[in-house]
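**Student:** this one's sequence-less:
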Ligand SMILES: Nc1ncnc2c1ncn2[C@@H]1O[C@H](COP(=O)(O)OP(=O)(O)OP(=O)(O)O)[C@@H](O)[C@H]1O
Ligand SMILES: [Mg+2]
């Protein structure tokens, strides 16, 4: 499923004194099967952008096309769109409401009007893929730990078998171990099912190692776009809009600025270490 | 969107009305509300409308914003309007069709009531548009302070009120978020009959209540760790003090009230 943004502008409270553009003339193409990182400072418009992808928000100007169809067109079924474009909100654990984990995960597929058998099958499958064991399936969602709740909420969206999975800051408020677990889980889902994944984040380190392409937003606009290495090569531009680049990238860039012949675009520690080792050998 | 409900929410501006002592505004609102019931002819509306519009103008709250706030009570307004048109009996028949009879008195009554209701709502919402919840409760607490002598929990009630007011926008925002999250899972709030729609509210209400309780718990805890123990011996960082402008405002209020009473007595 491809998603295309064609000159999309969105203004909150349009037509009032408190009008506020949250997206300005966005043009984007998101291809089938891509793993995309969407990054930006707080208030840059990331959440607004992703809510256009499943029709929760409508563009004030411009058009959003999903699979070539205008999603604001007459007779376009938003309900079916929402089952194909799954959106996991920030702090998704706050939307749990059922009396058991299983029932909560079944909410999405039930709304799609599937058979009871299919609903249960999907719910079990989704829970398994996020690593919620059988012992927790009948527990109340409110008895779980924060990390477990978040997994259940993600399963609730996965159970709809979306072709595009969008996650708004899925690691917010988790400790480093919890963060790595969730990110690992998302990568595995992407690899196993081949669906398009869009990961929204504040942190470059979060996405650097995982995604194929990074989209950087600042002040309601897309300012940079490309594979991680290309984007991180703009170290100073990124820092000027309040985003941190991965530490190793910063150090490599600084070394380069000091006149050492190293590549400035290392992302992982291993890469940087190899680069430095090679340099060391060349110099001695 | 549910966030569009603006009635009762503070509108930040720097105007003379915003700067008035909250006690003056409370008294002003009370006087204005009472004044609307002191006359029985349309004449009385002249000073009332002039007074209200002058206040709105001085407050710098855009007129559009106030009209938008009224949208929330449109149902109530139209109900009053219709009830008065159809159920007031009179002598001067202007329209009749089968069992429906409309009298001139009914139309007049409907117009009279609709204007009164609009003024009532606009008048009281102007106070909340121009007064922060903190100031409003400060004002209430001071205005009702004499009741403390009779052991009435004035401070506690005032605090509860300010917290409730403070949380209205927060809860609206939360509702908006939860609604979107459930819509993303395919929930549908617009389709189906009454029962189906009522059922569709469950996935919104439960998370909303849970978050409200969580917030309330957090807030209680935060107040406790900062040694909150009610009003006794509590001092204010910014104690309320009357200024010259407040005195002038009281005088204007008195003059307004006198005019309305005069019109109510003399013109029928
Ligand atoms: N419902 C709303 N009504 C009015 N303004 C809004 C609303 N939602 C967001 N905004 C404004 O739109 C801008 C973009 O908000 P958005 O939530 O898209 O940012 P974000 O990049 O997701 O930020 P964060 O990283 O903090 O989640 C912000 O300035 C915000 O204040
Ligand atoms: Mg956001």
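**Tutor:** Received it, and whenever you're ready, just let me know what you need. What you see is a predicted model; the values in this text were computed from it and never measured. Residues are numbered from 1 along each chain as shown, chains lettered A, B, ... in the order given. Ligands and ions are numbered 1, 2, ... in the order given.
**Student:** what about the strands in the stretch 151-284 of chain A?
**Tutor:** Here the stretch 151-284 of chain A has its strands, by DSSP state E, counting those that start in this stretch, at A:164-168, A:196-201, A:213-218, A:221-226.
**Student:** Could you save these as a markdown table and add columns showing mean neighbour count?
**Tutor:** (Each C-beta comes from the backbone N, C-alpha and C, glycine too.) A markdown table is the format used below for the strands of the stretch 151-284 of chain A (neighbours: other Cβ atoms under 10 Å in any protein chain shown):
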| stretch | mean neighbour count |
| --- | --- |
| strand A:164-168 | 24 |
| strand A:196-201 | 24 |
| strand A:213-218 | 22 |
| strand A:221-226 | 17 |
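**Student:** For chain A, what lies in contact range of chain B?
**Tutor:** Listed as neighbours of chain B in chain A under the rule Cβ under 8 Å from any Cβ of the partner chain: A:13, A:16-17, A:51, A:54, A:56, A:79, A:82-83, A:86-89, A:92, A:94-97, A:107-108, A:111-112, A:142, A:156-157, A:160.
**Student:** repeat that for 7 Å
**Tutor:** A:17, A:54, A:56, A:79, A:82-83, A:87, A:89, A:92, A:94-97, A:107-108, A:111-112, A:156-157, A:160 (Cβ under 7 Å from any Cβ of the partner chain).
**Student:** Please spell out the PyMOL selection for the buried subset of the residues you listed.
**Tutor:** Buried subset of the residues of chain A next to chain B, written as a PyMOL selection, criterion 16 or more other Cβ atoms under 10 Å in any protein chain shown:
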select buried, chain A and resi 54+56+82+83+87+89+92+94+95+96+97+107+108+111+112+156+157+160
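**Student:** on that earlier part again, possible to save the strands of the stretch 151-284 of chain A as TSV with distance to residue B:244 and mean pLDDT?
**Tutor:** Converted to TSV, those look like this (distance: least, Cβ to Cβ, whole Å; pLDDT from 0 to 100):
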stretch	distance to residue B:244	mean pLDDT
strand A:164-168	53	95
strand A:196-201	54	94
strand A:213-218	49	93
strand A:221-226	50	92
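**Student:** Indicate which one of these is closest to residue B:120.
**Tutor:** Of all these, strand A:164-168 sits nearest to residue B:120, with 42.9 Å by Cβ to Cβ.
**Student:** ranges for the strands of chain B?
**Tutor:** B:93-97, B:100-103 (DSSP state E).
**Student:** Highest mean neighbour count out of those?
**Tutor:** Burial of those is given as mean neighbour count (mean count of other Cβ atoms under 10 Å in any protein chain shown); strand B:100-103 ranks first at a mean of 15.
**Student:** That one: how far from the chain's middle?
**Tutor:** 33 Å (Cα atoms, centre = their mean, to the nearest Å).
**Student:** Please apply the same query to stretch B:157-175.
**Tutor:** Counting by Cα atoms, centre = their mean, stretch B:157-175 comes out at 14 Å from the chain centroid.
**Student:** ok, and does it reach over to chain A?
**Tutor:** No - if you take Cβ under 7 Å from any Cβ as the test, stretch B:157-175 misses chain A, and the best it gets is 8.2 Å.
**Student:** can you tell me which of the residues of chain A next to chain B are in helices?
**Tutor:** Within these, residues falling in helices by DSSP state H are A:79, A:82-83, A:107-108, A:111, A:156-157.
**Student:** hang on, the earlier thing: with mean pLDDT added, can I get the strands of chain B in TSV?
**Tutor:** Formatted as TSV, the strands of chain B follow (pLDDT from 0 to 100):
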stretch	mean pLDDT
strand B:93-97	78
strand B:100-103	81
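**Student:** wait, which of those strands is closest to chain A?
**Tutor:** strand B:100-103 (36.8 Å; Cβ to the nearest Cβ).
**Student:** The closest one: partners in the sheet, and parallel or antiparallel?
**Tutor:** Taking DSSP bridges as the criterion, strand B:100-103 sits next to strand B:93-97 (antiparallel) in its sheet.
**Student:** What are the contacting residues of the strand it pairs with?
**Tutor:** Applying Cβ atoms under 7 Å, 6 or more residues apart in numbering or on different chains, the external contacts of strand B:93-97 come out as B:101-104.
**Student:** top helix in the chain by residue count?
**Tutor:** Picking chain A for this. Using DSSP H, we find that the single longest helix of chain A is helix A:176-193.
**Student:** The chain in question should be chain B.
**Tutor:** When chain B is parsed with DSSP H, its longest helix is helix B:154-184.
**Student:** pLDDT averaged over that helix - what is it?
**Tutor:** Mean per-residue pLDDT for helix B:154-184: 87.
**Student:** Can you mark which positions in that helix are buried?
**Tutor:** Neighbour counts over helix B:154-184 (16+ other Cβ under 10 Å) mark B:154-155, B:158-159, B:162, B:165, B:167, B:172, B:174-175, B:177-184 as buried.
**Student:** Relative to residue A:254, how far out is the nearest residue to residue B:46 once chain neighbours are set aside?
**Tutor:** Once flanking residues are discounted, residue B:46 sits nearest to residue B:263: 7.7 Å by Cβ to Cβ, 6 or more residues apart in numbering or on different chains. Using Cβ to Cβ, to the nearest Å, residue B:263 is found at 80 Å from residue A:254.
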